[in-house]
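**Q** just coords:
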């Protein structure tokens, strides 16, 4: 079955960096698009970045220039490098199978990981 497992979250000071990883299985990774999304306390799901099967990427305006999505087809992994983190980046970060449209459908639809907590605080 499809599985996505995030890791790499933690606590960091403003301006710091983290690299999130998402290990996947149960589908043909090389032909799949994947998305990162986040949910801050008391807020809805927010799309962060997506990567197509051919490696083309797109990032939300709020993170462009600071976050970078990437993939390793051999390892069936997708990553989110987060630099210059801000307090508003505090959220649970999720990876999901598909492009940004899956965020609008919510986590009860499609395939999502369990999430990893990122806390940005001094």
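**A** Thanks, I have the structure now. Only a predicted model underlies this, so the values are computations on that prediction, with no experimental measurement involved.
**Q** in the strand or helix carrying residue 46, what counts as buried?
**A** Residue 46 is part of strand 45-51 when elements are defined by DSSP states H and E. Neighbour-count burial for strand 45-51, counted by 16 or more other Cβ atoms under 10 Å, picks out 45, 47, 48, 49, 50, 51. All C-beta spots, glycine's among them, are computed from the backbone N, C-alpha and C.
**Q** Next one: residue 63 relative to residue 82, how far apart?
**A** When distance is defined by Cβ to Cβ, to the nearest Å, residue 63 is 8 Å away from residue 82.
**Q** Those two - which one has more neighbours?
**A** When residue 63 is set against residue 82 and neighbours are counted by other Cβ atoms under 10 Å, the residue ahead is residue 82, at 26 against 23.
**Q** hmm, which helix or strand of this protein has the shakiest average pLDDT?
**A** Lowest mean confidence among the helices and strands of the chain (mean pLDDT, DSSP states H and E): helix 101-105, at a mean of 93.
**Q** I am finished for the moment; much appreciated.
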